[in-house]
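Colleague: Sequence first, then the predicted structure:
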Amino acid sequence: MDLGLTGARALVTGGNRGIGLAVGRALAAEGARVALLARDGDRLAAAAATVDGAVTVQADTTDDASVRAAVDSAAATLGGLDVVVNAAAPRAEAPPAPGLAGLDDADFLSQVDTKALGYARVVRAAAPHLLDGGGRVVNISGMNARSTGNITGSVRNIAVVALSKNLADELGHQGVTVTCVHPGLTVTERNADDPAYLEKAAQNGLARLITAEDVAAVVAFLCSPLAAPANGAVVTLDGGRPGTVWA
């Protein structure tokens, strides 16, 4: 299937590793021109070398001025923007103790600032470019949005869902669609050699591991012109977590 992404101009945040990097590769494979954004310049350069034709822009998504400069630079280099994929977020580490006892105020604020508000900063900076001809925004959230046990992880991810729907309502009638995806336990370079993680990650409805490339394939579709009806949708990509019904 031709996704219609040949020549599309895409910005991927968190593009130096994990799902973000896999998305960059998937979009490039579909013929898109890709700009990868991350904080770590060295890691970013190494990642870009694995993505056909990719360019890089460096920014800290907790710094609005940095974000605006990076987004404008990406748009100038690519000649505009058609796609934004937000994947720049720190790992949601399990708290040292459950519930309120494990809630770290500084970590909570940092996680929300980086993931939820950081995503908003990127879209705000990119919107004038996207509105020039319509576009796609895909926000990477996570299954902590649908589970308890990690307050910070749940709040930062459900905030991304709320942000995505607000943006879908606001930008959709202007031709920009916004979707949100919930990866579950996903195999990336961070955990590919962790037997305990891999065993747990395979415990889904498919009884197999879900890789960053699996997630990226769905994200690439959501970035395509074919996915316009999905505006405002939240897509679960966890292989089918057993025991829960989502209406």
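Modeller: The structure has been received and is ready for your questions.
Colleague: Please compute how far stretch 109-117 lies from its chain's middle.
Modeller: In terms of C-alpha atoms, centre = their mean, to the nearest Å, the centre of stretch 109-117 is set 14 Å apart from its chain centre.
Colleague: Now the terminal residues of that stretch, how far apart.
Modeller: End-to-end distance for stretch 109-117, by C-alpha to C-alpha, to the nearest Å: 10 Å.
Colleague: Can you spell out which helices and strands pack onto the longest helix seen in the chain?
Modeller: With secondary structure taken from DSSP state H, the chain has its longest helix at helix 151-171. Contacts defined by 3 or more C-beta pairs under 8 Å, 6 or more residues apart in numbering; DSSP states H and E place helix 151-171 against helix 105-112, helix 118-130, strand 135-140, strand 176-183. (Glycine included, C-beta is placed from N, CA and C.)
Colleague: mind listing what the residue lying closest to residue 181 once chain neighbours are set aside touches?
Modeller: Closest residue in space to residue 181, ignoring its immediate chain neighbours: residue 235 at 4.8 Å, by C-beta to C-beta, 6 or more residues apart in numbering. Contacts here follow C-beta atoms under 8 Å, 6 or more residues apart in numbering; on that basis residue 235 touches 179, 180, 181, 182, 218, 222.
Colleague: Excluding chain neighbours, what is closest to the residue lying farthest from the centre of the chain?
Modeller: Using C-alpha atoms, centre = their mean, the residue of the chain lying farthest from its centre is residue 101. It sits 29.4 Å away. In space, and not counting its chain neighbours, residue 101 is closest to residue 95: 7.9 Å by C-beta to C-beta, 6+ apart.
Colleague: helix/strand/coil for the one you found?
Modeller: State at residue 95, reduced to three classes by DSSP: H, G, I helix; E, B strand; the rest coil: coil.
Colleague: and if you look at residue 57?
Modeller: From three-state DSSP, the assignment for residue 57 is strand.
Colleague: Any idea how many residues pack against it?
Modeller: 23 (other C-beta atoms under 10 Å).
Colleague: hey, what's it bridged with?
Modeller: Judged by DSSP bridges, the bridge partners of residue 57 are residue 37.
Colleague: My read is that it contacts residue 75, right?
Modeller: No - with contacts defined as C-beta atoms under 8 Å, residue 57 does not count as touching residue 75, sitting 9.6 Å away.
Colleague: Give me the common contacts of these two.
Modeller: residue 11.
Colleague: Give the rounded mean pLDDT of stretch 157-164.
Modeller: For stretch 157-164, mean pLDDT rounds to 98.
Colleague: So what's the gap between it and the chain middle?
Modeller: With C-alpha atoms, centre = their mean, you get 12 Å for stretch 157-164.
Colleague: What lies in contact with it?
Modeller: 92, 112, 115-116, 119-120, 137, 139-145, 178-180, 182, 232, 234.
Colleague: Over to stretch 74-83?
Modeller: 5, 8-11, 27, 32-33, 35, 37, 55, 57, 71, 126, 129-130, 132-138, 223.
Colleague: Give the ChimeraX command for selecting the buried subset of these.
Modeller: To isolate the buried ones among those in ChimeraX, judged by 16 or more other C-beta atoms under 10 Å, type:
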select :5,8,9,10,11,27,32,33,35,37,57,71,126,129,130,135,136,137,138,223
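Colleague: Of the contacts of residue 235 - the most surrounded one?
Modeller: Highest count within the contacts of residue 235 by other C-beta under 10 Å belongs to residue 180, 28 neighbours.
Colleague: Go ahead and confirm that residue touches residue 139.
Modeller: Yes - counting by C-beta under 8 Å, residue 139 is a contact partner of residue 180 at 4.8 Å.
Colleague: quick one: contacts for the residue lying closest to residue 172 once chain neighbours are set aside?
Modeller: With C-beta to C-beta, 6+ apart as the measure, residue 231 is the residue that lies nearest to residue 172, at 4.8 Å, once sequence neighbours are left out. By C-beta under 8 Å, 6+ apart, the contact list for residue 231 reads 168, 172, 177, 178, 179.
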